[in-house]
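Peer 1: what's the 3D shape of this:
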Amino acid sequence: MDKKESTHKKTRALTIHPDKKIALVAHDNMKADLVEWTKFNKKLLAHHEIYATGTTGIILEKELGITVKKLQSGPLGGDQQIGALIVDNRIDFLIFFWDPLEPQPHDPDVKALLRMAVVWNIPTACNRSSADFMISSSLMDSHYNRIVPDYEYYRSKFVEKPEGSSGQ
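Peer 2: So this is what the prediction gives:
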């Protein structure tokens, strides 16, 4: 195995604590489903820190009577804010009820958010069934070591000089 490959395959563990930082996001046509899901799981969500984008956060706070850290609306940058929180290890869990049948003007932001969740190995549910399985998992209220690649290779990698270049 060459050095580049072995460096790339290093991993590290990031501990997710029993009180999770959960981001809740829903497209307009899915907000009612997310509200219904959160009402059904209110007791399970009660001790976790909840983040939400724009209108979703306002609705959840009103319907559940809990504090929600509200970010911008998705089309105004809320999806990107959640992605940045994931990168900074400030979100442990993403529940994103997105609408696969309705085109979204901010589809690139949606894709970027889901990409960050995968890159940083964040548990992610994109529909009610997945969210039900995840929140009812015995791991939900315990410590969990989330394994992520050690991205130092990407941070420190440099562009090699092409053959025949003078280096200038």
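Peer 1: lowest-scoring secondary structure element of the protein by mean pLDDT?
Peer 2: The weakest-scoring helix or strand in the chain, judged by mean pLDDT, DSSP states H and E, is helix 3-8 (a mean of 46).
Peer 1: please save the CA atoms from the next helix or strand after that one in CSV.
Peer 2: Going down the chain from helix 3-8, the next helix or strand is strand 11-16, by DSSP states H and E. This file holds the C-alpha atoms of strand 11-16, laid out as CSV (Å, rounded to 0.1, in the frame of the first residue of the first chain):
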residue,chain,number,x,y,z
THR,A,11,-9.7,7.4,10.8
ARG,A,12,-10.6,9.1,14.0
ALA,A,13,-13.5,8.8,16.4
LEU,A,14,-15.7,11.7,17.4
THR,A,15,-17.9,11.0,20.4
ILE,A,16,-21.6,11.8,20.2
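Peer 1: in its sheet, what does whichever helix or strand comes after strand 11-16 sit against?
Peer 2: Downstream of strand 11-16, the first helix or strand assigned by DSSP H and E is strand 21-26. According to DSSP bridges, strand 21-26 forms sheet pairs with strand 49-53 (parallel), strand 93-97 (parallel).
Peer 1: strand 11-16 and the last one, what's the angle between them?
Peer 2: With axes from the mean of the first three to the mean of the last three Cα atoms, to 10 degrees as the basis, strand 93-97 and strand 11-16 are set at 80 degrees to each other.
Peer 1: now do the very next helix or strand once past strand 93-97, average pLDDT.
Peer 2: Per DSSP H and E, the first helix or strand lying C-terminal to strand 93-97 is helix 107-119. Across helix 107-119, pLDDT averages out at 89.
Peer 1: how about helix 107-119: buried residues?
Peer 2: By 16 or more other Cβ atoms under 10 Å, the buried positions in helix 107-119 come out as D109, V110, L113, L114, M116, A117. To be clear about C-beta, it is placed using only N, CA and C from the backbone, and glycine gets the same treatment.
Peer 1: quick check: which ranges of the chain have low pLDDT?
Peer 2: Residue ranges of the chain with pLDDT under 70: 1-8, 103-106, 158-168.
Peer 1: just read off the phi/psi values of R90.
Peer 2: Backbone torsions for R90, taken as degrees, to the nearest 10, come to phi -110, psi 0.
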